[in-house]
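Visitor: give me the fold of what follows.
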Amino acid sequence: MHSLNKSILGFSVLLLCGMIFAACASKPPVYIPPPSGSRAQLPDWFTNPETAGYPRNTYTSANGEGRTAEDAQFNARANLLGIFGMKLADESVIAEMFSQTTTNNVTNWNETVTSDRRISTSAEGILAGATIEENAQVGQTFYALAVMENARARRVYGEIIAQLQRNITDLLNIPNINTIDGFTRTRIAAEIAKDIEACVRVLNHVGGTVPAGLKTESQYLTDADNILRNIPVSVNIRKNPANVDSADRVQGAFTRALTEIGFRTGTANAPYALDVSLTLTEAPAQGANIFFRYELSANFRDTRTNAVIARFNIADREGHTSVVNAHNRVFTRIEERVIGNPARNVDGEFKTMLLQTFSSLTPGR
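Guide: Sure, this is the predicted structure:
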């Protein structure tokens, strides 16, 4: 469970997407007509940026080419990002506004992108402080140079890391971290830490100083797993008829699923409870087989507020030649839907639902 729904990272993503370009506007392409009978001379800044005014100790640069000026600029940015070991997503938009203020209003970013391409707003699309400094058209091909000034990048990325680290500190500043809310917040912190790691790669490249004490995404994920191990959950089963499932296979399935996720189970007066309701009714027979319809609901509840955090509902029918075997088919099927079947490479619907729900929660639940 190492992937978090990006929708809960709005504050982080908004912060980052506002920082993608400090000044994206670029000069119009300079047209270089091809000489008669020979190939056109490519611009010096394209063939050797370092000797054309962009020395390596001052700038980090990358060039790109394409069939249009926009393609060339996009590819130049992608190649620049590749220097830091990150990929650039190609996503289509009509227009998008990026704006954000950071660190006591010291730095502002405000940029409108109206082309048919934009930089990904994920952490992999960070290009704060990058600009398109050069454009040219040679024949039918367009060329561009993306440049990042190292000194400015050191300042910008230092500010980004500091802001994201403050986000994590504020996010985890709650009275009791060993709750579902604490788990959710720690998972979000892991995503922010991944963004910070991307910024650190850039900062290292441009010779910046990385703040001490930064935790990695992996460390926060481990913290989140440890939080679950400190959360007790009681499992309560209500059966109709009351004598159905005398072996308590349904309760065993839910207990196992919760344990595999990481919870402690079997604790009385737990802060969280899983309330399960199972109803079994005989369905019309088909030939020699006896069928039973099962209806099952499981609500994961905060016992302190009675708020239901996650709901799981399934219903179907199973049959066999005898009542005992038909019941066995029902419970086997419920077990499979709750905890999965590794031998058949089937994921448990209940486990999947619960993990997805926790991943999509916003802080405060």
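
Visitor: for the rest of this, base every contact and every neighbour count on C-alpha atoms.
Guide: Will do.

Visitor: in stretch 202-213, which residues are buried?
Guide: With burial defined by 16 or more other C-alpha atoms under 10 Å, the residues of stretch 202-213 counted as buried are 202, 203, 206, 208, 210.

Visitor: the second one contacts residue 157, correct?
Guide: Yes: when contacts are counted by C-alpha atoms under 8 Å, residue 203 is listed as touching residue 157 (6.4 Å).

Visitor: tell me, please, where in this structure the pLDDT is lower than the cut-off.
Guide: The model of the chain has pLDDT under 70 over residues 1-40, 86-126, 128, 364-365.

Visitor: would you list every one of the helices in it?
Guide: All helices of the chain, identified by DSSP state H, fall at 10-17, 44-47, 69-83, 150-171, 180-205, 217-229, 249-261, 323-339, 349-360.

Visitor: for residue 171, which non-adjacent residue is spatially closest?
Guide: Ranked by C-alpha to C-alpha, 6 or more residues apart in numbering and with sequence neighbours excluded, the top spatial neighbour of residue 171 is residue 185, at 6.2 Å.

Visitor: then residue 191?
Guide: residue 217 (6.5 Å).

Visitor: residues contacting the one you found?
Guide: Residue 217 is in contact with 189, 190, 191, 192, 193, 194, counting by C-alpha atoms under 8 Å, 6 or more residues apart in numbering.

Visitor: so the nearest residue to residue 266 once chain neighbours are set aside bridges to which residues?
Guide: Spatial nearest neighbour of residue 266, excluding adjacent residues (C-alpha to C-alpha, 6+ apart): residue 234 at 5.4 Å. Assessed by DSSP bridges, residue 234 has beta-bridge partners residue 273.

Visitor: surely residue 234 and residue 274 touch.
Guide: Yes: counting by C-alpha under 8 Å, residue 274 is a contact partner of residue 234 at 6.1 Å.

Visitor: quick one, which of the helices of the chain gets closest to residue 301.
Guide: Evaluated over these, closeness to residue 301 peaks at helix 180-205, with 10.6 Å, by C-alpha to C-alpha.

Visitor: for burial, what's the neighbour tally of residue 226?
Guide: Other residues lying near residue 226 total 15 when counted by other C-alpha atoms under 10 Å.

Visitor: ok, it to residue 74 distance?
Guide: Between residue 226 and residue 74 the computed distance is 42 Å (C-alpha to C-alpha, to the nearest Å).

Visitor: now stretch 223-241: buried residues?
Guide: So, applying 16+ other C-alpha under 10 Å, buried residues of stretch 223-241: 223-225, 227-229, 231-237, 239.

Visitor: stretch 238-257 now?
Guide: Those would be 239, 245, 250, 251, 253, 254, 255, 256, 257, for stretch 238-257 by 16+ other C-alpha under 10 Å.
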